[in-house]
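In: Give me coordinates for this.
(2 chains)
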Number of protein chains: 2
Amino acid sequence: MKLYELSLSQGRTVSPFVWRTRFCLAHKGLNPERVPISYHDKDQLAFSGQDRVPVLVDGDEVISDSWKIACYLEDAYSFAPSLFDGAQGTALMINKWADHVQLGAMFLLCSPGTYDVTQDEDKPYFAQSRYEWTGKTIDDFRAMEDEALKRTRSALEPIRQTLAEQPFIAGDAPAFADYCVMGGFMWARTTYAGQVLEDGDPVEDWRQRMLDLFEGLGRNALSME
Amino acid sequence: MKLYELSLSQGRTVSPFVWRTRFCLAHKGLNPERVPISYHDKDQLAFSGQDRVPVLVDGDEVISDSWKIACYLEDAYSFAPSLFDGAQGTALMINKWADHVQLGAMFLLCSPGTYDVTQDEDKPYFAQSRYEWTGKTIDDFRAMEDEALKRTRSALEPIRQTLAEQPFIAGDAPAFADYCVMGGFMWARTTYAGQVLEDGDPVEDWRQRMLDLFEGLGRNALSME
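Out: Model (predicted):
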């Protein structure tokens, strides 16, 4: 089994989607070989029929997209602990919320730091592609830090209220919904040097618990904290 | 079994929280006696230790708050179809999202119509309480209709993306997550005469399916549509 990841300077893994998959694999007790991919060698992903990470190769199976990978793992490794606890439907809604709302806000917050840890040869591509998507330069993003932080904290309100009542988003124990949202926090941890969450925020307490999972899978990653 | 509901002019049921509970009860195959409560006789709820609807009385049990009622029904009627399919944790996150994001937007959209269908003797109380919460008069709310509609449609994006991939928020069949979000749409249906969703929106297709459930529980209610 192989996991193709985006790998930036010093082998840093920043992609929230790759992080979702890494947590899902750990939940299933799987530890595939990790294949680092840089922005400039994305053509190594051509075999998957698309150019985005993560891509999981498991024997003859090639699966891209972190949601599809989670669904694949749930079916193919049904004997291992469940990622969805029978509620794949509501997990998809949380996945869509995380993609659209959480990562929408974190995109503003994390883009400057992601640029900083992108290899020098890929920096022009990275800056240009963000400019084409948004009309903003990396310096424009830097100037928006306060707004991005405010927007990120506000976007997390439904998660905050949930975690005020239970230890994990999925309930008493972590599952896909937690890994999905944690992906975004790993992006922030690996690219943003500031403090995303205020002290005393129940989301911060949860984030610390998540960093400890799987022998510190998240905590031990090269970070900006 | 008795369900205490807010009942406005012509017996209209508008509360999104009562609607959540009505759908949950129907899902469990339960059909309690409905007890109408007006704003001016909320003291009839004093026995529940608080003053908000819904309140469910089941034998010796008195439960208020639509989330707690759903959890009670799931446990007490575990032999009937499940509301959570084993994933109560992620259902709570969707409940928090619906309370904070969906109903936050719909509050702007539905307040004028809720005022209009409030009994005349309660209109001053209704307008005053909204003014105290928000600093806005009913006419201020009316002037914000376009913004409220835009904000409501935008807030629904994670639901829209979910329903583009599966027929119900909970997956192949409706469950708590669907009833929770549908509560807000019933508030709109019973108080707002305009079109909340654009034609072709997957959320509108879902809403039509939801209106048909349980022999037209939602569709047959007195509405503004």
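
In: need the residues of chain A near chain B, please.
Out: Within chain A, the positions lying close to chain B (CB under 8 Å from any CB of the partner chain) are A:84-94, A:96-97, A:99-101, A:157-159, A:161-162, A:165-166, A:168-172, A:175, A:177. For the C-beta atoms, the positions are set from N, CA and C on the backbone; glycine is no exception.

In: What's the PyMOL syntax to select whichever of those residues are buried?
Out: With 16 or more other CB atoms under 10 Å in any protein chain shown as the burial test, the buried ones among the residues of chain A next to chain B are selected in PyMOL as follows:
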select buried, chain A and resi 84+85+87+88+89+90+91+92+93+94+96+97+99+101+157+158+159+161+162+166+168+169+170+171+175+177
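
In: can you count the residues close to A:Val196?
Out: 22 (other CB atoms under 10 Å in any protein chain shown).

In: quick one: it is in a strand?
Out: No - A:Val196: not assigned to a strand; according to DSSP: H, G, I helix; E, B strand; the rest coil it is coil.

In: who touches it in this structure?
Out: A:109, A:149, A:152-153, A:185, A:188 (CB atoms under 8 Å, 6 or more residues apart in numbering or on different chains).

In: Quick one, grab the pLDDT at it.
Out: pLDDT, the model's per-residue confidence, is 97 for A:Val196.

In: Let me see the backbone angles for it.
Out: Dihedral pair for A:Val196: phi -70, psi -40, per degrees, to the nearest 10.

In: With adjacent residues omitted, what lies nearest to the residue minimising distance to the centre of chain A?
Out: Nearest to the geometric centre of chain A sits A:Pro16, at 1.6 Å (CA atoms, centre = their mean). Excluding the flanking residues, the one nearest A:Pro16 by CB to CB, 6 or more residues apart in numbering or on different chains is A:Gly183, at 3.7 Å.

In: Do I have it right that that neighbour meets A:Arg20?
Out: Yes - in this structure A:Gly183 lies within contact range of A:Arg20 using CB atoms under 8 Å: 3.9 Å.

In: which residues are in contact with both of these two?
Out: Listed as contacting both A:Gly183 and A:Arg20 by CB under 8 Å, 6+ apart are A:Ser66.

In: Now the terminal residues of stretch A:215-225, how far apart.
Out: 18 Å (CA to CA, to the nearest Å).

In: ok, the residue nearest to the centre of chain A to chain B distance?
Out: Counting by CB to the nearest CB, to the nearest Å, the separation of A:Pro16 from chain B is 16 Å.

In: just A:Gly49 next, same as before
Out: To chain B, A:Gly49 is 19 Å away according to CB to the nearest CB.

In: which residues touch that residue?
Out: Neighbouring residues of A:Gly49 by CB under 8 Å, 6+ apart: A:62, A:64.

In: what about 10 Å?
Out: Residues near A:Gly49 by CB atoms under 10 Å, 6 or more residues apart in numbering or on different chains: A:55, A:62, A:64.

In: what ranges do the helices span in chain A?
Out: Using DSSP state H, the helices of chain A run over A:16-27, A:66-76, A:88-97, A:103-116, A:123-134, A:138-143, A:145-155, A:157-163, A:176-191, A:202-216.

In: In JSON lines, list those along with distance to B:Glu121 and mean pLDDT.
Out: Formatted as JSON lines, the helices of chain A follow (distance: least, CB to CB, whole Å; pLDDT from 0 to 100):
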{"stretch": "helix A:16-27", "distance to B:Glu121": "54", "mean pLDDT": "98"}
{"stretch": "helix A:66-76", "distance to B:Glu121": "52", "mean pLDDT": "98"}
{"stretch": "helix A:88-97", "distance to B:Glu121": "41", "mean pLDDT": "96"}
{"stretch": "helix A:103-116", "distance to B:Glu121": "45", "mean pLDDT": "96"}
{"stretch": "helix A:123-134", "distance to B:Glu121": "53", "mean pLDDT": "96"}
{"stretch": "helix A:138-143", "distance to B:Glu121": "54", "mean pLDDT": "97"}
{"stretch": "helix A:145-155", "distance to B:Glu121": "39", "mean pLDDT": "96"}
{"stretch": "helix A:157-163", "distance to B:Glu121": "35", "mean pLDDT": "97"}
{"stretch": "helix A:176-191", "distance to B:Glu121": "46", "mean pLDDT": "98"}
{"stretch": "helix A:202-216", "distance to B:Glu121": "42", "mean pLDDT": "98"}
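
In: burial measure for A:Glu132, as a count.
Out: A:Glu132 is flanked by 8 other residues according to other CB under 10 Å.

In: just the one 5 residues further on next, same as before
Out: Residue neighbour count, defined by other CB under 10 Å, stands at 14 for A:Thr137.

In: thought A:Phe126 was touching A:Val14?
Out: No - contact criterion CB atoms under 10 Å: A:Phe126 and A:Val14 do not qualify, at 11.3 Å.

In: which of the two has more neighbours?
Out: Of the pair A:Phe126 and A:Val14, A:Val14 is the one with more neighbours under other CB under 10 Å, namely 25 against 18.

In: where does that one land on pLDDT?
Out: Taking A:Val14 on its own, its pLDDT is 96.

In: List the contacts of it.
Out: Here A:Val14 is in contact with A:5-8, A:110, A:113-114, A:117-118, A:186-191, A:221-224 (CB under 10 Å, 6+ apart).

In: what does A:Phe141 give?
Out: Contacts for A:Phe141 (CB under 10 Å, 6+ apart) come out as A:107-115, A:127, A:130, A:134, A:148.

In: just A:Lys136 next, same as before
Out: If you count contacts by CB under 10 Å, 6+ apart, then A:Lys136 has A:108, A:111, A:127, A:130, A:142-144 around it.

In: Weed out the non-buried ones from those residues.
Out: A:108, A:111, A:127, A:130, A:144.

In: which among these gets closest to B:Ala80?
Out: Nearest to B:Ala80, judged by CB to CB, of the buried ones among the contacts of A:Lys136 is A:Leu108 at 45.8 Å.

In: Quick check: the nearest residue to A:Arg209 once chain neighbours are set aside vs B:Gly89, distance?
Out: Counting by CB to CB, 6+ apart, A:Pro167 is the residue found nearest to A:Arg209 once chain neighbours are left out, at 6.8 Å. For A:Pro167, the distance to B:Gly89 equals 9 Å [CB to CB, to the nearest Å].

In: Mutual contacts of these two, please.
Out: Counting by CB under 10 Å, 6+ apart, the residues touching both A:Pro167 and B:Gly89 are A:173-174, A:178.

In: follow-up on the earlier one: is it possible to get CSV of the buried ones among the contacts of A:Lys136 that adds distance to A:Val203?
Out: CSV is the format used below for the buried ones among the contacts of A:Lys136 (distance: CB to CB, whole Å):
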residue, distance to A:Val203
A:Leu108, 18
A:Ser111, 21
A:Ala127, 30
A:Arg130, 26
A:Met144, 21
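
In: For the shared contacts of A:Pro167 and B:Gly89, pick the one with the most neighbours.
Out: A:Asp178 (28 neighbours).

In: isn't that residue right next to A:Val203, touching?
Out: No - using CB under 10 Å, A:Asp178 makes no contact with A:Val203, being 11.4 Å away.
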